[in-house]
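Engineer: structure for the following, please:
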Amino acid sequence: MNGTDVEDPGHHRDWTDGLSGPCVPHVDMRLLPALDALLQEGSVTGAAERLALSPPAMSRALAKIRRALGDPVLVRAGRGLVPTPRALELQPKVRALMREAEALLTPSRQEDLTQVDRTLTIVADEAYAAVLAPVLLNRASTQVPLARFTFTVENSHGSAPLREGAVDIEVGIIDEPSPELRIEPLFEDRFVGVARAGHPLLDTEVTAEAFASERHISVSRKGRMTGPIDVALHARGLRRDVVASVPSYGEALLMIPAGDFVTAMPRSLAGSACRAVDIEVFDLPVETAPISICQAWHPRHDTEPVHVWLRHAVRAALTRRPSGDPGERGPDRPVEQQADD
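Structural biologist: Sure, this is the predicted structure:
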């Protein structure tokens with residue numbers, strides 16, 4: 001072994017000085033790299049070179065290690081230094097700790113998504129969950145086959161579940177933007193009219209007057225009977241006949257084919273529902289503001305591989321078609337707008 005004299009600690013400040021005080025643990029963890037280097041090199045000079053320190057600084061670190069352990073660690077034998085029995089006992093343990101620390105501070109290797117076994121929680125308005133879920137689950141079956149998905153409806157807690165980690169992602173109208181969240185616009189949606197196939201309203205052009213005179217189903221989680229459509233009709237001196245309010249678009253879609261009712265819902269949902277329910281979709285005869293559909297998540301998930309996959313999958317599912325269904329990219333800000341809510 002190459003050796004050098006061990007310098008008296010003296011009163012010089014070095015890389016481990018200033019580590020005392022009420023908020024600092026009694027065990028000085030910053031001595032571990034120095035102890036590891038000394039045990040591997042068996043030399044103050046060699047340990048100093050390994051850690052890019054000066055020999056005097058390493059000598060001071062060795063003095064602190066000796067005081068902490070109550071053991072000389074390295075002792076002189078001829079022209080070199082040899083480890084004490086205590087040092088030999090500690091060497092594999094210290095090396096293992098350093099390897100673990102190095103692994104913790106190294107970028108993670110690409111995760112094998114086929115082995116990810118976890119539940120991903122998505123908050124989404126049921127209109128968008130109905131569009132998103134089938135596409136997302138089909139994609140997951142081959143790419144993340146062990147993952148499970150929980151779809152929940154919006155709640156009164158705002159962005160707290162995202163911040164607290166109870167929810168992985170929120171999809172829909174993000175009406176509580178927060179600097180703590182990442183918000184990505186996905187597409188711009190619009191409301192359209194929906195009626196049963198063969199409804200008399202659809203025999204001719206749908207005018208505002210004809211539309212207002214029909215029996216309407218309002219969709220509102222809060223039980224409201226009016227909304228932006230009514231504001232637009234009122235500007236023309238018209239008022240629609242709302243005969244019922246239901247809390248979800250699913251209930252409205254079950255009611256529409258059973259009678260001569262009409263309703264309004266996001267074009268993305270109506271386009272998908274046409275393939276499963278005997279309905280027809282038509283343009284509203286009044287203008288309503290577009291709605292920006294976004295996905296939101298907490299920055300803690302920015303680089304998590306399965307969450308990166310989830311965001312990409314949501315984006316692909318909701319922007320995959322240019323017409324009839326999602327596909328038009330939205331603006332960079334959310335629009336706080338719903339049909340009747």
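Engineer: can I get the helix ranked longest in the chain in CSV, CA atoms only?
Structural biologist: Longest among the helix segments of the chain by residue count, using DSSP state H, is helix 85-104. Taking C-alpha atoms only, helix 85-104 is exported to CSV below (Å, rounded to 0.1, in the frame of the first residue of the first chain):
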residue,chain,number,x,y,z
PRO,A,85,-9.8,-5.5,12.4
ARG,A,86,-12.7,-3.1,12.9
ALA,A,87,-12.0,-1.5,9.6
LEU,A,88,-11.9,-4.9,7.8
GLU,A,89,-15.3,-5.7,9.4
LEU,A,90,-16.8,-2.4,8.2
GLN,A,91,-15.4,-2.5,4.7
PRO,A,92,-18.0,-4.6,2.9
LYS,A,93,-20.8,-2.9,4.8
VAL,A,94,-19.6,0.6,3.9
ARG,A,95,-19.1,-0.5,0.2
ALA,A,96,-22.7,-1.9,0.1
LEU,A,97,-24.1,1.4,1.5
MET,A,98,-22.1,3.4,-1.1
ARG,A,99,-23.4,1.2,-3.9
GLU,A,100,-27.0,1.7,-2.7
ALA,A,101,-26.5,5.5,-2.5
GLU,A,102,-25.0,5.6,-6.0
ALA,A,103,-28.0,3.6,-7.3
LEU,A,104,-30.4,6.0,-5.6
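Engineer: quickly note the distance from D189 to M265.
Structural biologist: Using C-beta to C-beta, to the nearest Å, D189 is found at 10 Å from M265. All C-beta atoms are positioned from the backbone trio N, CA, C, and that covers glycine.
Engineer: more neighbours: which of the two?
Structural biologist: Using other C-beta atoms under 10 Å, the more surrounded residue of D189 and M265 is D189, with 28 against 24.
Engineer: is the more buried one bridged to anything, and to what?
Structural biologist: D189 has these beta-bridge partners by DSSP bridges: I291.
Engineer: how near is it to I173?
Structural biologist: Separation of D189 from I173 (C-beta to C-beta) stands at 9 Å.
Engineer: what touches both of those two?
Structural biologist: Here D189 and I173 have I291, S292, I293 as joint contacts, going by C-beta atoms under 8 Å, 6 or more residues apart in numbering.
Engineer: nearest to L32 among those residues?
Structural biologist: Taking C-beta to C-beta as the measure, L32 sits nearest to I293 out of the shared contacts of D189 and I173, at 50.4 Å.
Engineer: can you report how many residues lie near the closest residue to that closest one other than its chain neighbours?
Structural biologist: The spatially closest residue to I293, leaving aside those adjacent along the chain, is L186, at 5.1 Å (C-beta to C-beta, 6 or more residues apart in numbering). If you count neighbours by other C-beta under 10 Å, L186 ends up with 23.
Engineer: by neighbours, which of the shared contacts of D189 and I173 wins?
Structural biologist: I293 (28 neighbours).
Engineer: and the lowest-mean-pLDDT helix or strand in the chain, which residues are buried?
Structural biologist: Ranked by mean pLDDT, DSSP states H and E, the weakest helix or strand in the chain is helix 160-164, scoring a mean of 86. Judged by neighbour count (16 or more other C-beta atoms under 10 Å), helix 160-164 contains these buried residues: P161, L162, R163.
Engineer: now do the contacts for the second one.
Structural biologist: The reference is to L162. By C-beta under 8 Å, 6+ apart, the contact list for L162 reads I169, E170, L181, A296, W297, H298.
Engineer: right, and the third one touches A296 too?
Structural biologist: What it means is L181. Yes: between L181 and A296 there is a contact at 5.0 Å, judged by C-beta atoms under 8 Å.
Engineer: next one: stretch 39-49 to chain centre, how far?
Structural biologist: 45 Å (C-alpha atoms, centre = their mean, to the nearest Å).
Engineer: check stretch 52-67 too.
Structural biologist: Its chain's C-alpha centre and that of stretch 52-67 lie 45 Å apart, by C-alpha atoms, centre = their mean.
Engineer: and it, which residues are buried?
Structural biologist: Residues 53, 55-66 are the ones in stretch 52-67 that count as buried (16+ other C-beta under 10 Å).
Engineer: same check on stretch 198-218?
Structural biologist: Across stretch 198-218, burial judged by 16+ other C-beta under 10 Å covers H199, L201, L202, V206, A208, F211, A212, E214, H216, I217, S218.
Engineer: what's the end-to-end length of that stretch?
Structural biologist: Terminal residues of stretch 198-218 lie 21 Å apart, using C-alpha to C-alpha, to the nearest Å.
Engineer: can you list contacts of it?
Structural biologist: For stretch 198-218, contacts defined as C-beta under 8 Å, 6+ apart pick out 193, 195, 224-227, 233, 236, 238-246, 252, 255-256, 259-263, 280, 282-286, 339-340.
Engineer: ranges for the strands of the protein?
Structural biologist: 74-77, 80-83, 119-124, 148-152, 169-172, 182-189, 191-196, 215-219, 241-246, 261-266, 279-282, 291-297 (DSSP state E).
Engineer: so for G46, which of these sits nearest?
Structural biologist: Of all the strands of the chain, it is strand 80-83 that lies closest to G46, at 9.9 Å by C-beta to C-beta.
Engineer: separation between A210 and S268?
Structural biologist: Computed as C-beta to C-beta, the A210 to S268 distance reads 25 Å.
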